[in-house]
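[1] Dropping the sequence and predicted coords here.
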Amino acid sequence: MAGIEQDGVESAVERGMERDMKRNRLSQPGYLGVDIGGTKCAVVLGDAALNVVDRVSFATEVARGPDRIIKALLESADSLLQKHGLTSNGPGGIKAIGISCGGPLDSARGLILSPPNLPGWDGVPITRYFSEHFGAVTALQNDANAGALAEWMLGAGRGVRNLVFLTFGTGLGAGLILDGRLYAGTNDLAGELGHWRLADDGPQAFGKCGSFEGFCSGAGIAQLAQQRARDALAQGRAVAFAEDVRSLERVTTKDVAVAAKNGDPLALDIFAESGRKLGAGLSLLIDLLNPQRVVIGSVFARCQDLIYPHALQVMEAEALAPALRVCEVVPAALGEAIGDVASLCVAQYAAHTMQGEGVTTAFQENEFEAMT
């Protein structure tokens, strides 16, 4: 598995997607996707098969507040539909709208509930704005659940009924597909496994030292690297990814990955520690949920060769053997495109769920195009 060298490949894929978008046209009603992040927002137009037809993105600029950002999202959506000669719904229009946003949120009521990266978004009824403006079915999911739908429907999770998707990005969250359906929990908190404490000490996340997210996320690995490098420098040892103590705060997971790929023992040991903790967390997941497949994104997808051998060693020692035997652990397939297609998948999943169609069978068999 290529590590950080994969960045060039992903750039080429993105350029190919841009060319495809210019060629694509809606031949039948499609979907509108909205991806709301603390840094960037995007509005995506997709066809019935969830191909991206066109998109608009802009910097979030959270200081503008929710009202102005929502206005920009609605205007962006209007411009996309007008550009392609579409009405909001009905014949020649869109079938549903999907919104992906970091939690916490209330998907049942369509509310965004003060995400850390969106200050001021306190109880924002985001689905109401879009459903009233466009007259279309609108659904909201957190980014982990949206990512799980995307990998299940279009990516590395195709064809299974029980799937766990781990983000393993800046943070660590999970989206769950159980018995062919998205499972969000009683109040959208299913899959918050980054909160698990796996050790008494270690990188901090969720206010906990030694949490799953602390060991298995981009921010957590960087924090672990800073701690380990500080100890090494204090002992007079050279650190490949940090010249001195003053440079430690600038250390990123990518820096550590470059050093590990070049054979640096300290960097390799940092990824090994992350891998062992990943194995411990996956063992709990496998014993609890008995999934067919675990799909892991971002850092894991880029650095699988540095992480997974250590995780597998722990899983073989800790997980129930029959459950481990039927579970595959694979890197996510959608890469940087996942934000766009995830929101479209939320839209299609909502459309067919709300219409009472055969979601479990059709989605499990990936017969999306036929579900019109």
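    Great, that's in hand.
[2] List the contacts of residue 333.
    Contacts for residue 333 (Cβ atoms under 8 Å, 6 or more residues apart in numbering) come out as 151, 154-156, 295. Using the backbone N, CA and C atoms, a C-beta is placed for each residue, glycine as well.
[3] can you check residue 38 too?
    Contacts of residue 38 (Cβ under 8 Å, 6+ apart): 60, 62, 102, 115-118.
[4] could those go into a markdown table alongside distance to residue 192 and pLDDT?
    Shown next, in a markdown table, are these (distance: Cβ to Cβ, whole Å; pLDDT from 0 to 100):
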| residue | distance to residue 192 | pLDDT |
| --- | --- | --- |
| 60 | 23 | 94 |
| 62 | 23 | 92 |
| 102 | 12 | 92 |
| 115 | 13 | 92 |
| 116 | 13 | 89 |
| 117 | 16 | 89 |
| 118 | 18 | 94 |
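[5] tell me, which helix in this structure spans the most residues?
    Taking DSSP state H as the criterion, the chain has its longest helix at helix 265-289.
[6] Report the distance from that one to the chain centre.
    Put simply, helix 265-289 sits 19 Å off its chain's centre (Cα atoms, centre = their mean, to the nearest Å).
[7] Name every strand pairing with the next helix or strand after that helix and say which way it goes.
    Counting by DSSP states H and E, the element after helix 265-289 in chain order, helix or strand, is strand 293-296. Strand pairing for strand 293-296, using DSSP bridges, gives strand 163-166 (parallel), strand 328-331 (parallel).
[8] So for strand 293-296, mean pLDDT?
    Averaged across strand 293-296, the pLDDT comes to 98.
[9] tell me the most buried of the strands paired with strand 293-296?
    strand 163-166 (a mean of 28; mean count of other Cβ atoms under 10 Å).
[10] Alpha carbons only: can I get that one in PDB?
    What follows is strand 163-166 as a C-alpha-only set of coordinates in PDB (Å, rounded to 0.1, in the frame of the first residue of the first chain):
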ATOM      1  CA  LEU A 163     -20.100  -2.500   8.100                       C
ATOM      2  CA  VAL A 164     -18.100  -0.300  10.400                       C
ATOM      3  CA  PHE A 165     -16.500   2.800   8.900                       C
ATOM      4  CA  LEU A 166     -13.800   4.600  10.900                       C
END
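[11] From the chain's centroid, how far away is the helix or strand following that strand?
    The helix or strand immediately downstream of strand 163-166 is strand 174-178, counting by DSSP H and E. Centre-to-centre, strand 174-178 and its host chain are 12 Å apart (Cα atoms, centre = their mean).
[12] Residue 270 and residue 260 touch, don't they?
    Yes. Under the criterion of Cβ atoms under 8 Å, residue 270 makes contact with residue 260 at 7.4 Å.
[13] Please, where are all the helices along the stretch 101-250 of the chain?
    In the stretch 101-250 of the chain, the helices defined using DSSP state H, counting those that start in this stretch lie at 126-134, 143-154, 212-215, 218-234.
[14] okay, those helices in JSON lines with distance to residue 317 and mean neighbour count next?
    Below are the helices of the stretch 101-250 of the chain laid out as JSON lines (distance: least, Cβ to Cβ, whole Å; neighbours: other Cβ atoms under 10 Å):
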{"stretch": "helix 126-134", "distance to residue 317": "45", "mean neighbour count": "19"}
{"stretch": "helix 143-154", "distance to residue 317": "27", "mean neighbour count": "28"}
{"stretch": "helix 212-215", "distance to residue 317": "17", "mean neighbour count": "27"}
{"stretch": "helix 218-234", "distance to residue 317": "22", "mean neighbour count": "19"}
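[15] would JSON lines of the ones you listed with distance to residue 93 and mean pLDDT be doable?
    Listed next are the helices of the stretch 101-250 of the chain as JSON lines, based on distance: least, Cβ to Cβ, whole Å; pLDDT from 0 to 100:
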{"stretch": "helix 126-134", "distance to residue 93": "9", "mean pLDDT": "95"}
{"stretch": "helix 143-154", "distance to residue 93": "22", "mean pLDDT": "96"}
{"stretch": "helix 212-215", "distance to residue 93": "41", "mean pLDDT": "96"}
{"stretch": "helix 218-234", "distance to residue 93": "39", "mean pLDDT": "94"}
